[in-house]
Structures are given as structure tokens and as C-alpha cells.
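[1] Return a 3D structure for these sequence lines:
(one chain, ligands or ions: 1)
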Amino acid sequence: MGKGRRSVAVIGGGAGGLCAAIAAAEVGAQVTVYERSNRVGKKLLKTGNGRCNLSHDPVTPEDYNRPDFVESVLSRWDNAALLDFFRSLGLYTVKDGEGRCYPLSDTASSVLDVLRLRCQALGVEEQCSMELRSLGQRRGRWVLRFTEGQEAECDRVIVAGGGGTALLKEAGHRMVPFSPILCPLKTDTAPIRGLSGLRCRCRVTLLRDGRRIYAESGEILFRDYGVSGIVILNLSRLARKGDVLSVNLLPDWDEAQIQAMLAERKGRGSEMFTGVFHRRIGEAILRNAGSEDSAALYAAVTALRLRVEDTADAANAQVTRGGAAVDEFDSATLESRLRQGLYCIGEALDIDGKCGGYNLHWAFASGLTAGRSAAND
Ligand SMILES: Cc1cc2nc3c(=O)[nH]c(=O)nc-3n(C[C@H](O)[C@H](O)[C@H](O)COP(=O)(O)OP(=O)(O)OC[C@H]3O[C@@H](n4cnc5c(N)ncnc54)[C@H](O)[C@@H]3O)c2cc1C
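    Reported below is the predicted structural model:
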């Protein structure tokens, strides 16, 4: 390590870690990124189905599970500031009609490329196939021990190991238990029998003991075990076993329009919904209503009820809830309140956001914040 320059170790070369490395190196620190995989940024390449939904316009604290904690970082790194940062690295971005931001190239590799190029230009050292096993302190410096027996020392450590990282537990931090979120939901399947593979624009309301917890409109995808789609991924952050999803299959129609449609088609039997819904959805509505009574049909169209049993396909969940408890970190610098010189960012903290660019935004923004703090404070 060069004399006089502060050394910063970043544990994990993912979205947050690479931004932390850039921010620390930009203010003169000597930075090393340690990555357990054989390459940095592998997960980044898979995001947004290979397109990388890197941020959202706008991003607000309420889009996350701990609004009070993320507020300080987001006030400095809002959507515009983050896109400006990427622009300064040479990345052009575009926004879709829902506010989701993507690289203009439409490929996640562009995002990784500009981050890596900037790291190289700043002299950030990348050490791959280096999995941190433990963190300790010796004579005021941090000692990093890796699974293959290597050791390294540094002045500051930024833990950027992503979801499921338990590295901070050993450093004395309280860990919130991990659970998969942003994944499909397993529900009772009788009301959606025969619908697997169909997509439908709906409004889904999450009910707990009859109380409305959350509602969102968008496309859902029926699966043989339950439901999927972006709306459902967002609901999976809040849903618990026993909750009910109430699905309105005609979210853009008002009651009078739906009642008029039902009255006009009365007596058509199995053809009642031809021209309105996919044939199989029409059949499911008739089956769920149990009769041609207009109140029963109206309820089957606007409040299809599915009881939540569990999250599904957890191995492919986009985000892991849980991680280092945020009350033990300074929300402005992301430094540990328990161990000076130790920082934590991204998904390694107990922060999760909605689907739509919010999780990457947090990883990037928290990385930029901690990198700057670790190099300066
Ligand atoms: C399929 C998929 C698609 C997604 N799409 C989107 C999307 O489009 N938009 C969005 O906002 N979010 C998306 N997400 C979520 C987003 O990818 C994560 O929230 C984000 O990557 C978290 O960034 P991070 O830097 O905290 O962790 P990560 O990106 O997970 O990086 C952590 C890095 O640390 C390394 N590491 C872990 N432990 C150690 C250790 N002990 N020693 C050394 N290295 C270690 C890992 O190998 C990894 O490279 C998606 C997730 C998935 C799985």
C-alpha cells in the first residue's frame, strides 16, 4: 500500500462495490476490490433480463422498506444525479413509459463495461476468486482473511457482498434474518385452474384480515402454482401466508361499464365473455361465479380471490430481504456505529426496494456514498 494514501478494501465486485471503488478512488484512496467469483459484475449482467433496469424516475424513500434510513443517501443521489454519474462514465440511458431507466444500448454489459473502465482508469485493483472469510482488526488497521488462507490489511473496509452476506455478524452487527422477496407467489390454485401461462392486465389488492395493505395495477402471469409478474413481485415484499390477493380483471372499467357488459351478455352461457377475455379466463370467471347471477359474476370479475400460501421459485428471487440491521449504521455515511472504518452498502444492508430499478439504484447510490465517506472521513 502506498505511503500516505488511505487504503480502502471493497468486499464484493457487484453493482454497489464497483461504485464504491470508483467514489473512493476518485478522491485519492488506494482501492482494492475483492470478489469471490472469477469475474466482477456477473449478476449485473443478468439484471432486467439482460437489459439492466438501473434506476427509476423518480426514486423516493417510500419505495424502500426503511424510508427513514435511505432518505439521506437518496437526497444526494436521486434519479437525475445517478444518471448524470453514469453519463460522466460515458453511458447514455433511456426511460420507458413507467419511469424505468435502461442503458441506451439495451444491454446490461454496457453498464458493467463503463464501471470497469472507470475503475481501471482510476487504478482500482481487482482481485477475483478471493472470498473473504473473516474481518478483524490489528493495531488500528483492518485485517482481511480469505478462504484460501491469504491475508490483507487496509485502513477502511466496505462490505458490498450483496444479499445473504453474513460477514458483518462476526464484526458484532445484528443481522435481520434473510428471506427471498421479489418472487412469484404460491396461492390456492382452484380459482385459476387452467390459466397457467396466460397474462392479464389487472389491479391486485393485498388484503390481511380483510384490511387493504397495498394495491398495484399491471400485468400478472398465471402459473400452475399461483401468480407472477411485476405487480406480484412487488406484492411479495409485503405478503404473508394467509393474506388474500383480490384481483380485478377489468381494472380500467368502472362499475357501471362492467354491469352494462354483464347485462348485455346475460344468457350467453359459456360464450358470455367471448370478446372480452381470453377464452380460458372467461371460463374461470364463470366457474368461480358458480351461477349467472349478476352480483356473483361482478365479484368474479372484479375480486377474484387467491389465498397466499408462500413465496415461490425462491431460488430465482431478485432480492434477499434481511442483512445488517440499519440502526447500527450512520445513514449519511453508511459507516458502522459499532466499528470505526467499517462500511456496508447495497443489499448487504437490510434494505430492499420495489421492482423497477429501485434495488440497483440503492446499490449504486449507497456505494457512491460509502466510497466517498470511506476515503474522506
Ligand atoms: C435475475 C435478477 C435480475 C435483477 N434485475 C434487476 C433490475 O433490473 N433492476 C434492479 O434494480 N434490480 C435488479 N435485481 C436486483 C439487483 O441485482 C440487486 O439488488 C443488486 O445487484 C445488489 O447489489 P449489491 O452490490 O449489493 O450486490 P451484488 O450485485 O449481489 O454483488 C455482490 C458481490 O459480492 C460478491 N461477494 C459476496 N460475498 C463475498 C465474499 N465473502 N468475498 C468476496 N466477494 C463476495 C458476490 O460474488 C457479488 O459479486 C435483479 C436481481 C436478479 C437476481
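
[2] Could you list the residues of the stretch 151-300 of the chain in contact with the ligand?
    Selection of the stretch 151-300 of the chain residues close to the ligand by Cβ under 6 Å from any ligand atom yields Ala160, Gly161, Gly162, Thr165, Leu167. Any C-beta I mention is one placed from the backbone N, CA and C, and that applies to glycine too.

[3] if I look at the residue of the stretch 251-377 of the chain found nearest the ligand, how far off is His173?
    Scanning the stretch 251-377 of the chain for the residue nearest the ligand gives Gly346, at 2.2 Å (criterion: Cβ to the nearest ligand atom). Using Cβ to Cβ, to the nearest Å, Gly346 is found at 15 Å from His173.

[4] which of those two has more neighbours?
    Set side by side, Gly346 and His173 show more neighbours around Gly346, with 31 against 22, by other Cβ atoms under 10 Å.

[5] Show me which positions of the longest helix belonging to the chain end up buried.
    Criterion DSSP state H: the longest helix present in the chain is helix 358-376. By neighbour count with 16 or more other Cβ atoms under 10 Å, helix 358-376 contains the buried residues 358-375.

[6] What of stretch 38-49?
    Val40, Gly41, Lys43, Leu44, Thr47, Gly48.

[7] Could you do stretch 172-184 as well?
    By 16+ other Cβ under 10 Å, the buried positions in stretch 172-184 come out as His173, Pro180, Ile181, Leu182, Cys183, Pro184.

[8] and the end-to-end length of it?
    Criterion Cα to Cα, to the nearest Å; first-to-last residue distance in stretch 172-184 is 34 Å.

[9] Other residues contacting that stretch?
    With Cβ atoms under 8 Å, 6 or more residues apart in numbering as the test, stretch 172-184 has contacts from 163-164, 166, 168-169, 223, 225-228, 232-234, 236-237, 311-325, 328, 336, 338-339, 344, 350, 352, 355, 359.

[10] if I pick the residue lying closest to Thr274 once chain neighbours are set aside, what's in contact with it?
    Sequence neighbours aside, Gly282 is the residue nearest to Thr274 in space, at 6.7 Å (criterion: Cβ to Cβ, 6 or more residues apart in numbering). Residues near Gly282 by Cβ under 8 Å, 6+ apart: Ser270, Met272, Phe273, Thr274, Val276.

[11] from those, which has minimum pLDDT?
    Note: of these, the lowest pLDDT belongs to Ser270, at 89.

[12] what's that residue in contact with, if anything?
    Taking Cβ under 8 Å, 6+ apart as the test, what Ser270 contacts is Gly282, Glu283, Leu286.

[13] And for Asp243?
    Counted by Cβ under 8 Å, 6+ apart, Asp243 has contacts Leu206, Leu207, Arg208, Ile213, Arg307, Val308.

[14] Now restrict the residues you listed to buried residues only.
    The neighbour count (16+ other Cβ under 10 Å) marks Leu206, Leu207, Val308 as buried among these.
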